[in-house]
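> show me the folded form of this:
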Amino acid sequence: MARTGPAFRAGKRGQVLLTGLLLVLLAFTVAPLYWLLIAATHNQHDIFGRPPHLLPGGELGANLAHLQTSVDFGQVVLNSVLMATSYTVLGGIVCTLAGYGFAKYRFRGRGFLFSVLLLALVVPTQLTIVPLFKLMVNLGWLNSYQAVLLPNLALPFGIFLMRQSMRALPDELLQAGRIDGCGELRLFFRVALPTMKPALAALAMFLFLFQWNDFLWPLVALRDPSSYTIPVALAALTGSSDVDYGQLLTGTAVAAVPMAVLFLFLQKHFVSGMLAGAVKQ
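You can find the predicted model right below:
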């Protein structure tokens, strides 16, 4: 087929238009993050200046110093890292075991329990705030790390993701392990888990980002500023009428940029993990 015919030229024009459209969409996506990074290097007067500043300024150090003075931001970042890491490990264990049970064991009420799990996916978080708050008060856990971490360990989406991924694991492989004398726990750790690495990577990333960005429940459960996470601490900066947007945007950049970079590096594993189990063998 000639590469200069009308069909070829039409195809090239279509590719050019598609590329242009994608570049425009990319610009709209990247522009807010770029402005956030630029604004974090300017003081409040320059942030709202006209015309807007599009190049980095020299106020990043001052903004970080003011932020540290206002909310002890180093401790806040440490709190977020510890909570997100702990939640990823504990939530990963719970979601993986629950997903494996739903996928590979037959027991009475399995279908009903899984239907309840799916229903929980569409229940707004706001509906559970008051009951959870009263429960934490009765347990004496208010303003503690366990109050933030434990209520969401059995995350419905995490269980659903692992259940769908575990369904792709051939039952014959598990049966062969049982014939060879593997107990159920050994079967889970030695046979099932090694085949689920992409799904586990996706689950770990999802759980970490979920806890890192969680705002509403930590805002309710935490009272001591020394135990604040990043979203709660940033919200506290907006509580007064005189908001320093320089330090606020600097804190937002510190919270957002590492997660964006992490996702860019691990997006291949995230996508492959999300697709794991899409086709049952």
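> hey, where'd the helices end up in the stretch 51-200 of the chain?
60-71, 73-104, 110-120, 126-139, 145-149, 156-167, 171-179, 184-187, 197-213 (DSSP state H, counting those that start in this stretch).
> report pLDDT for the most centrally placed residue in the chain.
Here the mean C-alpha position of the chain is nearest to the C-alpha of residue 209 (CA atoms, centre = their mean), at a distance of 2.2 Å. The confidence metric pLDDT takes the value 91 at residue 209.
> how close does it get to residue 112?
31 Å (CB to CB, to the nearest Å). C-beta: built from backbone N, CA, C; applies to glycine.
> cool, residue 90 as well?
Counting by CB to CB, the gap from residue 90 to residue 112 is 26 Å.
> neighbour count winner among those two?
Taking neighbours as other CB atoms under 10 Å, residue 90 and residue 112 compare with residue 90 leading, 15 against 9.
> show me the contacts for residue 232.
Contact criterion CB atoms under 8 Å, 6 or more residues apart in numbering gives 215, 218-219, 222 as the residues in contact with residue 232.
> filter these down to the ones in helices?
With DSSP state H as the criterion, helices contain 218-219 from among the contacts of residue 232.
> hmm, which of the contacts of residue 232 are the buried ones?
218-219, 222 (16 or more other CB atoms under 10 Å).
> which pLDDT value belongs to residue 249?
Confidence score, pLDDT, at residue 249: 89.
> now whichever helix or strand it is part of and helix 156-167, what's the angle there?
Using DSSP states H and E, residue 249 sits within helix 245-275. Orientation of helix 245-275 against helix 156-167 (axes from the mean of the first three to the mean of the last three CA atoms, to 10 degrees) gives an angle of 30 degrees.
> and helix 245-275, what other elements does it pack with?
helix 6-39, helix 44-47, helix 60-71, helix 73-104, helix 156-167, helix 197-213, helix 230-237 (3 or more CB pairs under 8 Å, 6 or more residues apart in numbering; DSSP states H and E).
> make CSV from those helices and add distance to residue 173 to it.
Shown next, in CSV, are these (distance: least, CB to CB, whole Å):
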stretch, distance to residue 173
helix 6-39, 41
helix 44-47, 58
helix 60-71, 51
helix 73-104, 10
helix 156-167, 12
helix 197-213, 15
helix 230-237, 42
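> between those, which gets nearest to residue 147?
Evaluated with CB to CB, these place helix 73-104 nearest to residue 147, the distance being 10.9 Å.
> which neighbouring elements make contact with that closest one?
Contact here means 3+ CB pairs under 8 Å, 6+ apart; on that basis helix 73-104 packs against helix 60-71, helix 110-120, helix 145-149, helix 156-167, helix 197-213, helix 230-237, helix 245-275.
> in TSV, list the ones you listed along with distance to residue 132.
Listed next are these as TSV, based on distance: least, CB to CB, whole Å:
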stretch	distance to residue 132
helix 60-71	25
helix 110-120	14
helix 145-149	9
helix 156-167	15
helix 197-213	16
helix 230-237	16
helix 245-275	24
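> how about those helices, which one is nearest residue 128?
Using CB to CB, these put helix 110-120 closest to residue 128, at 9.4 Å.
> who are the packing partners of that closest one?
Checking 3+ CB pairs under 8 Å, 6+ apart, helix 110-120 ends up next to helix 73-104, helix 156-167.
> highest mean neighbour count out of the ones you listed?
Across these, averaging neighbours per residue (mean count of other CB atoms under 10 Å) puts helix 156-167 on top, at a mean of 22.
> kindly export that helix (C-alpha atoms) in CSV.
Only the C-alpha atoms of helix 156-167 are listed here, as CSV (Å, rounded to 0.1, in the frame of the first residue of the first chain):
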residue,chain,number,x,y,z
PRO,A,156,-14.0,-3.1,51.2
PHE,A,157,-12.2,-2.1,48.0
GLY,A,158,-9.0,-3.8,49.2
ILE,A,159,-10.8,-7.0,49.9
PHE,A,160,-12.7,-6.9,46.6
LEU,A,161,-9.4,-6.3,44.7
MET,A,162,-7.6,-9.2,46.3
ARG,A,163,-10.7,-11.5,46.0
GLN,A,164,-10.8,-10.8,42.2
SER,A,165,-7.0,-11.4,41.9
MET,A,166,-7.1,-14.6,43.9
ARG,A,167,-9.9,-16.0,41.7
